[in-house]
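Asks: what's the 3D shape of this:
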Amino acid sequence: MRGMHTKKALLATGMLTIAPTAIATDVPAIRYDITLHMNGEGLDAAELRATTRTRGQEMVDLLIPRGPVTDVEVQNGSLDTSEPGHWKLRPGPGGEIALTWRSARPAAWRTLEPTLAQSAIIRTDALVAPGPALLALPDGPDGQLAEVRWTVPGNWVVSTSIKEGTQNVGRLKNSTFLTARRAVSATQRSGDATIRVTALDPRRVDVAKVAEDIAAMMTKSVAPALRQDFTLNIVDLDGTGDGFALAMTPTGGTAYLPAAAPEEAWATFAMWTATIPDDTRIDPAFAWYTQGFTAFRVLHALRSGGHASPATLAYLLNDATTFYGNSPFRRVPNRRVVEDFAGIREMHDLPAARGELFALLLDARIRSATGGARSLADALDRLDGGTLSTGAAGEQDPAPALIEAVAAVGGGDIAPLYHRYIVDGQLLQLPPDALGLCYTIGTVADWAGWEVQHVFAKASCSGKR
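Replies: Below you'll find the predicted structure:
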């Protein structure tokens, strides 16, 4: 799992990539209805209802929502709760199953607790939850179809990455859902993609600026065909300390911010997650470029635009080096990546990190060869010719044009490096000075000789490199 951040080790969860999910048309669809039950003008509880149909007496295995649940009732079928964490249902007459449950009663959520980003916030004036904390999702293929509908008071705001209608279960597993009596929202566009930012109790957050920054970063870094809608929900919390928590995916997430949370850091991580492409149309053979070089573009934009401190950037860089270094597949050739891209989570996640490190290696090579006058960004500008290349399915292999562009800006012949690190999958280790004067790279080997590189920001450095 990548894209994680903790400040003072409180909590964070996140993903930069989600395994591709073909639509599983051979599995019956499941429908979810979310209904808010009110006590006057205040929320009393959320009622959830799941309905589906099976073939014969086939069992349906649902994962119990992570948020506290009450009043579990089967309207059609029978329920087996003998396996921890699972609701197993057998259908009633006609193969139909209907199950309802309710959320916990409202509580005064005002402090950052270790499990907050995995749970549901239920207040009399709001409900905030990641999808798995609210919905009982099938323990099966992410491509299974799901329909979602909700009923909330007419004056309540809804901000969610869930579509009201049909989508696949994978989207629900990686979703954010917020509904509230009062919240502040802002939207921005990046091509056909809509960025929506909503803050609950917005005491310190300028939602318009956050939405504008995410949209600007997406426009600079992501090809139009790979941009996707992104929803960020922000929960302002009381409490002391500068910790914060993020639960993030490429389609949306939730930020939990105590009073002293450093906006520069959490906003940077939101921009980072929103701009890493996760599109099932990409060609696995080119994922090292599509995802990895997009990550480099985002880093370059963050650094050159002064959007993030060296310490925050060091965290993002260290995330890439340690993820790659710890991958059991870090030495596999690209043909293996193509073969297992859709079937093995670790293989699907590898090319993004490998491509990002390869881009950083080329950037350092170009800067060294040109005395700092040129960089990989110059080569990519030349390569794109004013547009951002996607590496999507059906496009040409980007490697020949990349090799030519790097040579044109003074970086020499990188064909041997491309074949060594991308095609053959040899271990890629960055030179100690690859990231410039503000950073150091250290390699740590365990007792078995397994080497992992780590990135650190120099405390005395305040520059962009």
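Asks: Name the spans of this protein whose pLDDT lies under the cut-off.
Replies: 1-26, 56-57, 239-241, 279-281, 385-395, 462-465 (pLDDT under 70).
Asks: now the helices: where do they sit in it?
Replies: Taking DSSP state H, the helices of the chain run over residues 131-134, 169-173, 207-221, 263-274, 287-290, 292-304, 310-326, 334-340, 345-369, 376-384, 399-408, 415-418.
Asks: among those, which is the most enclosed?
Replies: Compared across the helices of the chain, helix 287-290 shows the largest average neighbour count, a mean of 27 (mean count of other CB atoms under 10 Å). All C-beta atoms are positioned from the backbone trio N, CA, C, and that covers glycine.
Asks: what comes into contact with the strand ranked longest in the chain?
Replies: Identified as the longest strand of the chain according to DSSP state E is strand 42-53. Applying CB atoms under 8 Å, 6 or more residues apart in numbering, the contact partners of strand 42-53 are 28-38, 60, 62, 65, 70, 91, 94-106, 122-127, 134-136.
Asks: Buried among those? Make that a ChimeraX selection.
Replies: Burial among the contacts of strand 42-53 is assessed by 16 or more other CB atoms under 10 Å; the matching ChimeraX selection reads:
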select :28,29,30,31,32,34,35,36,60,62,65,91,95,97,98,99,100,101,102,103,106,122,123,124,125,126,127,134,135,136
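Asks: In a markdown table: the helices of the chain, plus distance to Phe456.
Replies: Shown next, in a markdown table, are the helices of the chain (distance: least, CB to CB, whole Å):
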| stretch | distance to Phe456 |
| --- | --- |
| helix 131-134 | 34 |
| helix 169-173 | 34 |
| helix 207-221 | 24 |
| helix 263-274 | 16 |
| helix 287-290 | 26 |
| helix 292-304 | 16 |
| helix 310-326 | 6 |
| helix 334-340 | 29 |
| helix 345-369 | 15 |
| helix 376-384 | 22 |
| helix 399-408 | 28 |
| helix 415-418 | 25 |
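Asks: From the chain's centroid, how far away is the longest strand of the chain?
Replies: Relative to the centre of its chain, strand 42-53 is centred 27 Å away, using CA atoms, centre = their mean, to the nearest Å.
Asks: which parts of that strand are buried?
Replies: For strand 42-53, by 16+ other CB under 10 Å, it's 43-52.
Asks: In its sheet, which strands sit next to that strand, and in what direction?
Replies: Applying DSSP bridges, strand 42-53 is found paired with strand 30-39 (antiparallel), strand 96-103 (antiparallel).
Asks: want to try TSV for the buried residues of strand 42-53, with distance to Asp192 as columns?
Replies: Shown next, in TSV, are these (distance: CB to CB, whole Å):
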residue	distance to Asp192
Leu43	34
Asp44	39
Ala45	37
Ala46	32
Glu47	35
Leu48	32
Arg49	33
Ala50	32
Thr51	33
Thr52	32
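Asks: closest to Thr115 among these?
Replies: Minimum distance to Thr115 across the buried residues of strand 42-53 is 18.5 Å, recorded for Ala46 (CB to CB).
Asks: If I follow the layout properly, Val298 ends up in contact with Met217?
Replies: Yes: between Val298 and Met217 there is a contact at 6.4 Å, judged by CB atoms under 8 Å.
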